[in-house]
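**Q** Structure for this input, please:
(chains A and B)
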2 protein chains.
Amino acid sequence: MSKQEISAQDLLSVPGVRVAAVASHIRYANRLDLVLIELAQGSTVAGVFTLNAFCAAPVHIARKHLLTSGGAIRYLLVNTGNANAGTGQRGLDDALASCDYVAKHAGVPVDAVLPFSTGVIGENLPIAKIAAGVPNAFAALGEDWLNTAKGIMTTDTVPKARSVKIEIGGKPVVITGITKGAGMIKPNMATMLSYVFTDAKIEQKTLHGLLSRVVDQSFNRITVDGDTSTNDCCVLSATGHSGVDIQASDAAGFAAFEEALQSLVKELAKDIIRDAEGAKKFVTVDIQGGGNTDECLKVAYAISESPLVKTALSASDPNWGRILAAIGRAGVPELDVSKISIHLGKVCIVSNGTLAPSYSEAQGQAEMSKPEIEITVDLARGQARETVWTSDLSEEYVRINASYRS
Amino acid sequence: MSKQEISAQDLLSVPGVRVAAVASHIRYANRLDLVLIELAQGSTVAGVFTLNAFCAAPVHIARKHLLTSGGAIRYLLVNTGNANAGTGQRGLDDALASCDYVAKHAGVPVDAVLPFSTGVIGENLPIAKIAAGVPNAFAALGEDWLNTAKGIMTTDTVPKARSVKIEIGGKPVVITGITKGAGMIKPNMATMLSYVFTDAKIEQKTLHGLLSRVVDQSFNRITVDGDTSTNDCCVLSATGHSGVDIQASDAAGFAAFEEALQSLVKELAKDIIRDAEGAKKFVTVDIQGGGNTDECLKVAYAISESPLVKTALSASDPNWGRILAAIGRAGVPELDVSKISIHLGKVCIVSNGTLAPSYSEAQGQAEMSKPEIEITVDLARGQARETVWTSDLSEEYVRINASYRS
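**A** Next up, the predicted model:
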């Protein structure tokens, strides 16, 4: 599996957005751990957040500020090294205080600032270090997107960022997104942390609809370990600096924008899987022929989160019995197993619920040895189809999570 | 964690039951892999089976024979090394043929025999080896219960068996059970393979009620990896040879029997967790204060099956943030996290949804370093309480399942 290696020149600046990442010694010395993102006045902002009931203090504050400001957000402040989760009232006070440092420095209302945190759960935010770091971040504001992508990393081994430029009505429009995440990944309405920016002009309500649709088919379709974080969020912001109003453009223009946005966000989601903790395999689980979306996803997640399927993937073992057992326990009502087929890549392993006559172990072995594996299941009971991306489960995953306090 | 080490003298014979285990080279040479159990005429038998939609061929045949014979079962035939699952019509034919070998040898109807298989999924049963093994098994029928417990092992590292003798109305009654299972463990109505016998006299319908109740609080409350097997089953048989009719006895006698049976089956279930693949910890997850059973179990399984909680357990890391994140994603509606408390053993880690003021990392570390760990969560929203037993997730689990083809 090849991780997405990006360089500074791969990333396009977004007119109307300035970014900075600085080292503030929040948990480790000499590590970029505080990111500040400035949005030009008039930008629109939409966000989706974790559905974990134990959502972190900054998630509460960010949700509230999006509402009270009516989306008139000017700054995003992101720290790593500390999730400010499970920290009670003190956590809420700390998240609000960190917004206040930014607001006072910039002369904007406190609810024009959204706070985000990722890192260890249950420790208080080192608020003095953030207070000291904010002026440095303001001084560093510029266009170093690669550094900014690095600034939100935790157990990630590579920075994750993508850019695309399209033309709408003859004019260029840019979309650039950064994301982080490698473990505790089963986003539910959003991923760990992801920020996507465009210089298109998009009104608040339309922006939120776009974000919901693209997240549902990207960050909400990946899983590393089935664990939904307390701090997941995804933010989409549109500065309008390109002068291109995608709502005023024709339907084709809007569709082109949504397609470009969807494609970029999907690749960012896949970048998380490519960098999943300890992972050696990038796995696409494609469920076809379902009676509805819900049962396709039940089967997809039963396979994607089965420790036995994931260890077989890690060992490049075409152990289709484990895939079959996962399908069988997924909870699909009245499943007729005698109609099910399973493909590994283009190789048919199971047909009519049992071993395909044409299958040979050598074929399965060849498919499983690839760094990118596609498991296709046809339930043969309807037209619904859903895809989930996941990784294998290796000894390295256990090593990382038995030693890293997150 | 100390595994249950049993010796032959720990196990009590059950009047009316004879057992045998022989080596038939089903998958490996010189390994006990075929078990025959003979029940005296007049015995009653009840069984519960996996709810996996891809249930194995022997499960189909065993369910059918229990029905058509009206429970008049005389023989149980169990093979390891091959699960006869995902094998289509040929699998059903093979399972029936194996019953037929036993029926012909003993001169009983074919539906007086129940077949059971465990091992690799998706390969055809080596039926000639079973045909050759059956006469040897008949010749070996006797009272070697330890050997029989060994005969149903696969990745298990120790045989699992328990016996108890109680008095009802001044007369002795014996219960002896054997079980197997170490991975692919999240029984759903039953466990991998478990056989429990008594010389009490219990009519069929009462026996089934007893079995359902005790399995629900034992095998249906354990999880190693969340993977429900295609071959799970649990059989309870009563020979009546003690002369004690527990239904004719007073209510106290019936209650004493059910309590002894429940206790024995619960310990068998825990023996599976103690022998879980790669496990170093035996973990009790106790959820209290739930609004109902369902939400207690949702929280218990979210914790018990979280790879991040399980790797922290493996590392003896009191990483309560991961427990909290698992509770938060368990799907309990309108969960008020500010009321939740979490204890590790007797140490309160979280109170009112945040770090307990009295907690110190040293206390948590001391609890987590123990081989047996108790995680208690109080949801503070009702009176329901449920307990689930589980294990940690170690590099050894990955190693076993990346190399063993099951």
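
**Q** CA atoms for contacts and neighbours, from now on please.
**A** Noted.

**Q** Might you report the residue contacts of the closest residue to chain B within the stretch 201-350 of chain A?
**A** In the stretch 201-350 of chain A, the residue that lies nearest chain B is residue A:328 (4.3 Å; C-alpha to the nearest C-alpha). Neighbouring residues of residue A:328 by C-alpha atoms under 8 Å, 6 or more residues apart in numbering or on different chains: A:337, B:52-55, B:230.

**Q** rerun that using 10 Å as the cut-off
**A** For residue A:328, the contacting residues are A:299, A:302-303, A:322, A:335-337, B:51-55, B:228-230, by C-alpha atoms under 10 Å, 6 or more residues apart in numbering or on different chains.

**Q** okay, it: pLDDT?
**A** Note on residue A:328: pLDDT of 90.

**Q** Next one, pLDDT for residue A:188 please.
**A** 60.

**Q** I meant residue A:4, not that one.
**A** 69.

**Q** now do residue A:297
**A** So, for residue A:297, pLDDT stands at 93.

**Q** Can you give the domain ranges for chain A?
**A** A:8-274, A:282-403 (automatic domain parsing).

**Q** Can you pull the phi/psi pair for residue A:376?
**A** Residue A:376 has phi and psi values of phi -110, psi 130 when expressed as degrees, to the nearest 10.

**Q** Am I right that it is in contact with residue A:320?
**A** No: Residue A:376 is not in contact with residue A:320 according to C-alpha atoms under 10 Å; the separation is 11.6 Å.

**Q** Could you dump the domains of chain A into JSON lines with distance to residue B:207 added?
**A** Shown next, in JSON lines, are these (distance: least, C-alpha to C-alpha, whole Å):
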{"stretch": "domain A:8-274", "distance to residue B:207": "39"}
{"stretch": "domain A:282-403", "distance to residue B:207": "27"}
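
**Q** how about the residues of the stretch 1-150 of chain A that lie near chain B?
**A** A:50-56, A:83, A:85-91, A:120-124 (C-alpha under 10 Å from any C-alpha of the partner chain).

**Q** In helices only, show me those.
**A** A:88-91 (DSSP state H).

**Q** give me the residue from the stretch 101-250 of chain A nearest chain B.
**A** residue A:121 (5.0 Å).

**Q** Tell me if I'm right that that residue and residue A:184 touch.
**A** No: with contacts counted by C-alpha under 10 Å, residue A:121 stays clear of residue A:184, the gap being 11.8 Å.

**Q** Can you pull the residues that touch both of the two?
**A** In contact with both residue A:121 and residue A:184: A:229-230, A:406, B:322, B:325, using C-alpha under 10 Å, 6+ apart.

**Q** In a markdown table, list those along with neighbour count, secondary structure and distance to residue A:76.
**A** As requested, these are arranged in a markdown table below (neighbours: other C-alpha atoms under 10 Å in any protein chain shown; DSSP: H, G, I helix; E, B strand; the rest coil; distance: C-alpha to C-alpha, whole Å):
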| residue | neighbour count | secondary structure | distance to residue A:76 |
| --- | --- | --- | --- |
| A:229 | 32 | coil | 20 |
| A:230 | 33 | coil | 18 |
| A:406 | 23 | coil | 23 |
| B:322 | 26 | helix | 26 |
| B:325 | 29 | helix | 24 |
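
**Q** which of these lies closest to residue B:143?
**A** Nearest to residue B:143, judged by C-alpha to C-alpha, of the shared contacts of residue A:121 and residue A:184 is residue B:322 at 48.2 Å.

**Q** Touching, the closest one and residue B:308? I think so.
**A** Yes: contact criterion C-alpha under 10 Å: residue B:322 and residue B:308 qualify, at 6.4 Å.

**Q** one step back: ranking by neighbours, what's the top pick from the ones in helices among the residues of the stretch 1-150 of chain A next to chain B?
**A** residue A:91 (22 neighbours; other C-alpha atoms under 10 Å in any protein chain shown).

**Q** Now do the contacts for that one.
**A** Contacts of residue A:91 (C-alpha under 10 Å, 6+ apart): A:56-58, A:83-85, A:97, A:122-125, B:354.

**Q** secondary structure class for the residue of chain A positioned farthest from its centre?
**A** Computed with C-alpha atoms, centre = their mean, the residue of chain A farthest from its C-alpha average is residue A:357, at 40.2 Å. Classification of residue A:357 using DSSP: H, G, I helix; E, B strand; the rest coil returns coil.

**Q** Could you list every helix and strand in contact with the helix or strand of chain A with the lowest mean pLDDT?
**A** Least confident element among the helices and strands of chain A, by mean pLDDT, DSSP states H and E: strand A:222-223 (a mean of 81). Applying 3 or more C-alpha pairs under 10 Å, 6 or more residues apart in numbering or on different chains; DSSP states H and E, one finds that strand A:222-223 contacts helix A:251-274, strand A:282-290, helix A:293-304, strand A:384-391.

**Q** Quick check: buried residues in the longest one?
**A** It stands for helix A:251-274. Within helix A:251-274, the residues that count as buried by 16 or more other C-alpha atoms under 10 Å in any protein chain shown are A:253-254, A:257-258, A:260-274.

**Q** Could I have the CA atoms of that helix written out in CSV?
**A** The C-alpha coordinates for helix A:251-274 follow below in CSV (Å, rounded to 0.1, in the frame of the first residue of the first chain):
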residue,chain,number,x,y,z
ALA,A,251,-26.8,23.4,-13.0
ALA,A,252,-23.8,21.9,-14.8
GLY,A,253,-21.5,24.3,-13.0
PHE,A,254,-22.9,23.3,-9.6
ALA,A,255,-22.7,19.7,-10.4
ALA,A,256,-19.1,20.0,-11.5
PHE,A,257,-18.2,21.8,-8.3
GLU,A,258,-20.0,19.1,-6.1
GLU,A,259,-18.3,16.3,-8.1
ALA,A,260,-14.9,17.9,-7.6
LEU,A,261,-15.5,18.5,-3.9
GLN,A,262,-16.9,14.9,-3.5
SER,A,263,-13.9,13.4,-5.2
LEU,A,264,-11.4,15.5,-3.2
VAL,A,265,-13.0,14.7,0.2
LYS,A,266,-13.3,11.0,-0.7
GLU,A,267,-9.6,10.9,-1.5
LEU,A,268,-8.8,12.6,1.9
ALA,A,269,-10.9,9.9,3.6
LYS,A,270,-9.0,7.2,1.8
ASP,A,271,-5.7,8.9,2.8
ILE,A,272,-6.7,8.2,6.4
ILE,A,273,-7.1,4.5,5.6
ARG,A,274,-3.8,4.5,3.7
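
**Q** Does that helix reach chain B?
**A** No: using C-alpha under 10 Å from any C-alpha, helix A:251-274 stays clear of chain B, with a minimum separation of 16.1 Å.

**Q** helices or strands up against that helix?
**A** Packed next to helix A:251-274, using 3+ C-alpha pairs under 10 Å, 6+ apart, are strand A:160-168, strand A:171-180, strand A:193-198, helix A:204-216, strand A:222-223, strand A:282-290, strand A:384-391.

**Q** any idea which of those is most buried?
**A** strand A:222-223 (a mean of 28; mean count of other C-alpha atoms under 10 Å in any protein chain shown).

**Q** chain center to that one, what's the gap?
**A** 9 Å (C-alpha atoms, centre = their mean, to the nearest Å).

**Q** how close does the closest residue to residue A:224 other than its chain neighbours get to residue A:227?
**A** Distances taken as C-alpha to C-alpha, 6 or more residues apart in numbering or on different chains place residue A:185 nearest to residue A:224, at 5.1 Å, with adjacent residues excluded. Applying C-alpha to C-alpha, to the nearest Å, the value for residue A:185 to residue A:227 is 6 Å.

**Q** now swap in residue A:22 and tell me
**A** Residue A:22 is 29 Å from residue A:227, by C-alpha to C-alpha.

**Q** higher neighbour count, the two?
**A** residue A:227 (27 against 24).

**Q** Please look at that one and residue B:309 and confirm they touch.
**A** Yes: counting by C-alpha under 10 Å, residue A:227 does reach residue B:309; the two are 9.5 Å apart.

**Q** what sits in contact with each of the two?
**A** Counting by C-alpha under 10 Å, 6+ apart, the contacts common to residue A:227 and residue B:309 are B:302-303, B:322, B:325-326.

**Q** Sweet, I'm off.
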